[in-house]
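>>> take this sequence and fold it.
(2 chains)
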Amino acid sequence: AQSVAQPEDQVNVAEGNPLTVKCTYSVSGNPYLFWYVQYPNRGLQFLLKYITGDNLVKGSYGFEAEFNKSQTSFHLKKPSALVSDSALYFCAVKAPGTDKLIFGTGTRLQVFP
Amino acid sequence: GAVVSQHPSRVICKSGTSVKIECRSLDFQATTMFWYRQFPKQSLMLMATSNEGSKATYEQGVEKDKFLINHASLTLSTLTVTSAHPEDSSFYICSAGGAGGVQETQYFGPGTRLLVL
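As a prediction, the model looks like this:
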């Protein structure tokens, strides 16, 4: 069965420091991987996705993610965090041949001034 | 990016009444729309997948007679919570995908918070 794990419930980082939000997945075949961000009482905003090609994917608001097939990971990164990046981040995966997104449990990012 | 709207953003209703939530893709045609439910501090739970012009496909454990989904056009899907009860109170979010197949990105609406008294 397909699954996504976000091992950290919360990540705290100081403004200006690099941030990493971890995601690992389990699917049969080649996965399609997504990151979304959710601000309080709002829907999800698309950040980036990996379908194929270059393992380093660049997305919105300066975020990027690296697909690592051997480690089955797709960690979200940003070189310099902003206080406004504080939100709930979801990793999601689609298994080949399906439209359904399987979401991780979410990681709350808190960036301190 | 593509824009998806939901209406209403917030609704309070009495137990036993029905509530309709609309999901619209504003600048693209959505062949597939998805309805999710999110409990406080939890992840999204897929309720059903709807394709334009056909019956929705419900996830296991979701009552299709209680959560009626209609996808009558390529830009509009509706979710009706029938005979709502307090346990139906939740944050309902829709998403829409275009015709790009499984590589297509799902774009999400802003969500509807339902409170059943």
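>>> for residue A:61, phi and psi?
Recorded main-chain torsions at residue A:61 are phi 60, psi 30, according to degrees, to the nearest 10.
>>> near chain A, which residues of chain B show up?
B:1, B:4, B:6, B:32, B:34, B:42-44, B:46, B:49, B:91, B:93, B:95, B:97, B:102-111, B:113 (CB under 8 Å from any CB of the partner chain). The way it works is simple: take the backbone N, C-alpha and C, and place the C-beta from them, glycine included.
>>> wait, residue B:22 touches residue B:76, no?
Yes - counting by CB atoms under 8 Å, residue B:22 touches residue B:76, with 6.6 Å between them.
>>> point to the residue nearest the middle of chain B.
Nearest to the geometric centre of chain B sits residue B:35, at 3.4 Å (CA atoms, centre = their mean).
>>> what subset of the residues of chain B next to chain A is buried?
Neighbour-count burial (16 or more other CB atoms under 10 Å in any protein chain shown) applied to those gives B:4, B:6, B:32, B:34, B:43-44, B:46, B:49, B:91, B:93, B:95, B:97, B:104-111.
>>> rewinding a little: how about the residue nearest to the centre of chain B, what does it touch?
B:23, B:46-48, B:50, B:67, B:69, B:77, B:79, B:92-94 (CB atoms under 8 Å, 6 or more residues apart in numbering or on different chains).
>>> that one bridge partners, please.
residue B:48, residue B:94 (DSSP bridges).
>>> what score does it have for pLDDT?
If you check residue B:35, the pLDDT there is 96.
>>> repeat that for the one 4 residues further on.
Model confidence at residue B:39, given as pLDDT, is 84.
>>> likewise for the one 10 residues further on?
Residue B:49 is assigned a predicted lDDT (pLDDT) of 92.
>>> over to residue B:76?
93.
>>> excluding covalently adjacent residues, which one is nearest to it?
Leaving aside its chain neighbours, residue B:76 sits nearest to residue B:24 (5.4 Å; criterion: CB to CB, 6 or more residues apart in numbering or on different chains).
>>> you'd agree that neighbour is up against residue B:33?
No - at 9.5 Å, residue B:24 does not count as touching residue B:33 under the criterion of CB under 8 Å.
>>> comparing the two, which residue is more hemmed in?
Higher neighbour count among residue B:24 and residue B:33: residue B:33, with 29 against 19, using other CB atoms under 10 Å in any protein chain shown.
>>> okay, now the unreliable bits of the chain?
Just so you know, I chose chain A. The model of chain A has no residue with pLDDT under 70.
>>> was after chain B, sorry
B:1, B:98-103.
>>> and if we set it to 80?
B:1, B:40-41, B:98-104 (pLDDT under 80).
>>> quick one, what contacts residue B:116?
Counted by CB under 8 Å, 6+ apart, residue B:116 has contacts B:12-15, B:84-89.
>>> dihedrals phi and psi, it?
phi -110, psi 120.
>>> what's the closest non-adjacent residue to it?
Nearest residue to residue B:116, sequence neighbours excluded (CB to CB, 6+ apart): residue B:84, at 4.5 Å.
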